[in-house]
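[1] The sequence and its predicted three-dimensional model are supplied below.
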Amino acid sequence: MTSNRLTVWHDGNCPLCRREIAVMRRLDKRGAIHFIDIHEAGPQDCPISPQALLARFHAMEDGKLLSGAAAFAAMWRAIPMLRRLGLLARFRPALWLLDKLYVRFLKVRPRLQRFFAN
């Protein structure tokens, strides 16, 4: 992993995650994001345990491991179409709100996963 490239870990076994990552790959026309499927990664590819990576969304930006809304914001900053949204998340109150929404999303995520699995 190089520090000038964003690395994103995702759950390749989750139908919801697969769809979201497919959209992000299409939007990442510059190839600025290195996507790693946690289930296909080796120990050298994971900065923390696979279980921790599966519990929340993680990204590494400029050598710093980010989690939750901060990780999403980093991914958005790497995609020109979403960059402004990612930059807005650098404003602490905006990131705080986004992280609160992300925690709520995690509570309904299992139902969404079942929905998208069908």
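    Sure, I can see it. Keep in mind that what you see is a predicted model, and the values were worked out from it rather than measured.

[2] all helices of this protein, in order?
    Using DSSP state H, the helices of the chain run over 15-27, 50-55, 69-77, 83-88, 92-117.

[3] I'd like these as JSON lines, with distance to His34, mean neighbour count and mean pLDDT appended.
    Glycine gets a C-beta too; all of them are placed from N, C-alpha and C. Putting the helices of the chain into JSON lines (distance: least, Cβ to Cβ, whole Å; neighbours: other Cβ atoms under 10 Å; pLDDT from 0 to 100) gives the following:
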{"stretch": "helix 15-27", "distance to His34": "11", "mean neighbour count": "15", "mean pLDDT": "93"}
{"stretch": "helix 50-55", "distance to His34": "14", "mean neighbour count": "15", "mean pLDDT": "93"}
{"stretch": "helix 69-77", "distance to His34": "11", "mean neighbour count": "23", "mean pLDDT": "97"}
{"stretch": "helix 83-88", "distance to His34": "17", "mean neighbour count": "14", "mean pLDDT": "96"}
{"stretch": "helix 92-117", "distance to His34": "22", "mean neighbour count": "12", "mean pLDDT": "89"}
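
[4] Nearest to Leu6, out of the ones you listed?
    For the helices of the chain, distance to Leu6 was read as Cβ to Cβ. The smallest value, 5.8 Å, belongs to helix 69-77.

[5] So which other helices or strands are in contact with the closest one?
    Counting contacts by 3 or more Cβ pairs under 8 Å, 6 or more residues apart in numbering; DSSP states H and E, helix 69-77 is packed against strand 6-10, strand 58-61, helix 83-88, helix 92-117.

[6] what about 10 Å?
    strand 6-10, helix 15-27, strand 33-37, strand 58-61, strand 64-67, helix 83-88, helix 92-117 (3 or more Cβ pairs under 10 Å, 6 or more residues apart in numbering; DSSP states H and E).

[7] Perfect, I'm done here.
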